[in-house]
Structure formats: C-alpha cells, structure tokens
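Undergrad: Okay, predicted coordinates and the sequence, questions at the end:
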Amino acid sequence: MNTQNTPNEVKLPIAKLASAALLVCVLGAFIGGSVATTQNGTMKDGMLTLVATIPSIALGLLVLGFLPARMPGMWGVVVLGVSMARSLMALAIGLAVYLTMEPSKFVFFLSLLAVLLIVLVIEVASVMFLVHEHTPEHSGVAAEGV
C-alpha cells in the first residue's frame, strides 16, 4: 500500500469542521430549548438534542480525520457516506432519548434534524471549497458554451 501523498492530495480541515459543528449543536439546542419554553416546555427539551448530536458528529469527524489524504474531488462521496451514517446514528440515539426522557416531540426532533442539516451543509461546503481551492486553472482556454 502506498502511503506517500501526491502534491494534489489534501485532508479535510477537521478542526474547523469540529468547531463549526459544535457551535451548530449548541446553538441548535439552545434555540430548541427557547422554542420549547414558549410552548409550555422546558429548556431541557432542546438541550437533549446534544445527547444525540454530539456523539454522532464526533464519531463522524473522527472517521473523516483518520482517513488518508485524497484528491479534492474524491472527498465528496466519502463525506456524504459518513454524513449518512452519522444521521442514522443521531436519529437512533434521538429515538432512544425521546422514548426514555420524553421531551417535547416537535421541539426535540425539529432541533435534531435542523442541526444535522446544517452540519451537512457545512461539510459539503468545505468539500466544495477544497475542490475549488485545489483545482488548477486553465489559463488561455475559453470555456465558452460550457
């Protein structure tokens, strides 16, 4: 197995992804808890989304962090696969939390799905940025009609 990186291979910015994902998780839980308090619920209803999102996002980013460097265009499928597994794991944990802790169904699942969607958008945007940043420009060639 060749472990040498070619000059065009890159790794994902895991530290930036992790900090953005953590921020989204905390903000989503806080906003969910705030919405719950307006509907005769408690802040706990929103904060319980952290129990489902933090472990699943941490595991997904851990897997992405240990993967070897790749060509920028090859990260898309990998990130979507890990994101799909992360979403399934978060929903499974979320269902267990819902059945045991009985938070407000609307607030809990809305917060959970919103956080998962926003983290997916962040991950896809980071892959698109990698592809854009590491794609060589073809100077002198007009791409008219393409």
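TA: Everything's here; your move. Numbering: from 1, shown residues only.

Undergrad: wait, doesn't Val78 sit right on Leu64?
TA: Yes - using C-beta atoms under 8 Å, Val78 and Leu64 qualify as a contacting pair, with a distance of 7.3 Å. (Glycine included, C-beta is placed from N, CA and C.)

Undergrad: Which of the two has more residues huddled nearby?
TA: Leu64 (20 against 15; other C-beta atoms under 10 Å).

Undergrad: Could you check how far the more buried one is from Gly73?
TA: 16 Å (C-beta to C-beta, to the nearest Å).

Undergrad: ok, and His132, which helix or strand is that part of?
TA: helix 105-134 (DSSP states H and E).

Undergrad: what's the nearest residue to the residue most central in space within the chain if we skip its chain neighbours?
TA: Taking C-alpha atoms, centre = their mean, the centroid of the chain lies closest to Val119, which sits 3.2 Å from it. Leaving aside its sequence neighbours, Val119 sits nearest to Ala21 (C-beta to C-beta, 6 or more residues apart in numbering; 5.0 Å).

Undergrad: What distance do you get for the one you found to Thr135?
TA: For Ala21, the distance to Thr135 - C-beta to C-beta - is 25 Å.
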